[in-house]
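A.B. asks: I'll drop the sequence and a predicted model, then ask my questions.
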Amino acid sequence: MQHDNVRNHQRGLTLVEMAATLAVAAILAGTAVPSFQDSNKKRVLHGTAAQLATDLQFARSEAIARNEGVRVSFHSVAGAACMVMHTGATADCNCSDQGVAHCAGSAVLIKSSYYAASSGVAVTTNVASMRFDSTLGTVTPAGTVTIASASGSSVHHVVSILGRLRSCSPDGSAPGYKAC
């Protein structure tokens, strides 16, 4: 009598093999998640910094195009920050706690951005408002806008009296930016 050995071959994984595979996958996932979160924080910092730099340059060109002074005003609202680009005086435009910009009188709202505390970045300035002149493109007063991530990296946008923008990172903490 001949035994059929083919019948004794089994397909699939044993419980031990499955547990070992899951353990390796869990270790790999545990090391990848923090790296992914750090990468995401850097991306949010760089994206916010790039958009603010563009907005500051746009304000200067918009003042010249409109032949009217354009302001970039910053407001702290409910633990967050709001940027309002507008014509008129500093006090003519503001933001609600939800980040909705509104202007009074003859002031014209050009653009606004809201930086929620949950976004992972904080936007602060050393001046409440900068006015870009329509004739010369200069700015009064000169100021610095700081974009900082929760991890401690930050980018400074320094706007000179000539209306020029220079971006840097204190101690080189944000890759891609020169140290301040």
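C.D. replies: Sure thing, it's come through. Residues are numbered from 1 along each chain as shown.
A.B. asks: burial count for Gly69?
C.D. replies: As a burial measure, Gly69 scores 17 neighbours (other CB atoms under 10 Å). No exception for glycine: its C-beta is placed from N, CA and C like everyone else's.
A.B. asks: no, scratch that, I was asking about Gly143
C.D. replies: Neighbour number of Gly143 under other CB under 10 Å is 20.
A.B. asks: what's the closest non-adjacent residue to it?
C.D. replies: Among residues not flanking Gly143 along the chain, Val127 sits closest, at 3.7 Å (CB to CB, 6 or more residues apart in numbering).
A.B. asks: contact partners for that neighbour?
C.D. replies: Each residue near Val127 by CB atoms under 8 Å, 6 or more residues apart in numbering is listed here: 74, 141-144.
A.B. asks: switch the cut-off to 10 Å
C.D. replies: Val127 makes contacts with 72-74, 90, 139-145, 159, as judged by CB atoms under 10 Å, 6 or more residues apart in numbering.
A.B. asks: for Ala148, same thing?
C.D. replies: 45, 48-49, 120-124, 154-156, 170, 173-174.
A.B. asks: with those in mind, which one is nearest to Thr31?
C.D. replies: Checking the contacts of Ala148 against Thr31 with CB to CB, the nearest one is Gly120 at 21.3 Å.
A.B. asks: number of nearby residues for the closest residue to the closest one other than its chain neighbours?
C.D. replies: Closest residue to Gly120 apart from its sequence neighbours, by CB to CB, 6+ apart: Val44 at 4.9 Å. By other CB under 10 Å, the residues close to Val44 number 16.
A.B. asks: who's in contact with Val44?
C.D. replies: 119-121, 147, 149-150.
A.B. asks: could these go into a markdown table alongside pLDDT and secondary structure?
C.D. replies: Formatted as a markdown table, the contacts of Val44 follow (pLDDT from 0 to 100; DSSP: H, G, I helix; E, B strand; the rest coil):
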| residue | pLDDT | secondary structure |
| --- | --- | --- |
| Ser119 | 88 | helix |
| Gly120 | 88 | coil |
| Val121 | 93 | strand |
| Ile147 | 96 | strand |
| Ser149 | 91 | strand |
| Ala150 | 84 | coil |
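A.B. asks: on that earlier part again, quick one: secondary structure of the residue nearest to Gly120?
C.D. replies: Going by DSSP: H, G, I helix; E, B strand; the rest coil, the secondary structure assigned to Val44 is helix.
A.B. asks: just the pLDDT at it, thanks.
C.D. replies: At Val44, the predicted lDDT confidence score is 90.
A.B. asks: tell me how far it lies from Glu62.
C.D. replies: Per CB to CB, to the nearest Å, Val44 is found 26 Å from Glu62.
A.B. asks: could you dump stretch 66-73 to CSV, C-alpha only?
C.D. replies: Taking Å, rounded to 0.1, in the frame of the first residue of the first chain, the C-alpha atoms of stretch 66-73 are listed here in CSV:
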residue,chain,number,x,y,z
ARG,A,66,-3.9,100.1,-6.9
ASN,A,67,-1.9,103.3,-6.5
GLU,A,68,-3.1,103.2,-2.9
GLY,A,69,-1.4,102.1,0.3
VAL,A,70,-2.0,98.5,1.3
ARG,A,71,-1.7,97.2,4.9
VAL,A,72,-0.9,93.8,6.3
SER,A,73,-2.3,93.7,9.8
